[in-house]
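Structure for this input, please:
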Amino acid sequence: MLRNWFMTTASHELKKPLFTIATMIHMLLDRKRMKLDDKTLDDFLMRIRDRVDKALLDLNTLLQFHLFLSGSLQLDLGAIDFYSSIVEPVLKEYEYNLGRSGIVATIDMDKHLTMKCDPYLLKMVYGNWIILSNMLKQEQGFT
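Below is the predicted model of the structure:
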């Protein structure tokens, strides 16, 4: 049951960045009619790049989940700066949607916290926690 839930959630999370990428590519192809300036074009390209990175991270999450289930997951432990490696990128990921909602996100924490962990897997866990949190709020009317 957990595997089915995870696969359903993961495939949904893959659709979101791919839909954004496709929409922005269509807009770029129609840029003359839409009269997009260079700043807007650059913004679109950066958003496409970010969404491609997100889709690749989601695909790698699926692979890591498979490796975990098969017992062949290996960790790459190293020291990381938690705030700049994990917190800032996740906040940046949701910055646009938060801004549209008028929400200002701040995190009061030691910005020099160092951890020994697998930074790639920690980023996946942290990102997936936000996904799960959002899904529960939408599914069950949490605020």
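
rest of the way, CA atoms for contacts and neighbours
Will do.

And the chain, split by domain according to the record?
Structural domains assigned to the chain are 1-74, 75-143, following automatic domain parsing.

need the least confident one among the ones you listed, by mean pLDDT.
Across these, the stretch with the lowest average pLDDT is domain 75-143; it has a mean of 72.

in the helix or strand where L45 lies, what counts as buried?
For L45, the enclosing helix or strand under DSSP states H and E is helix 38-70. Neighbour-count burial for helix 38-70, counted by 16 or more other Cα atoms under 10 Å, picks out 44-45, 47-48, 50-52, 54-55, 57-59, 61-62, 64-65.

Of those residues, which is the nearest to G99?
Proximity of these to G99 was ranked by Cα to Cα; the top entry is R47 with 15.2 Å.

Ignoring the adjacent residues along the chain, who's closest to that closest one?
Counting by Cα to Cα, 6 or more residues apart in numbering, I21 is the residue found nearest to R47 once chain neighbours are left out, at 8.0 Å.
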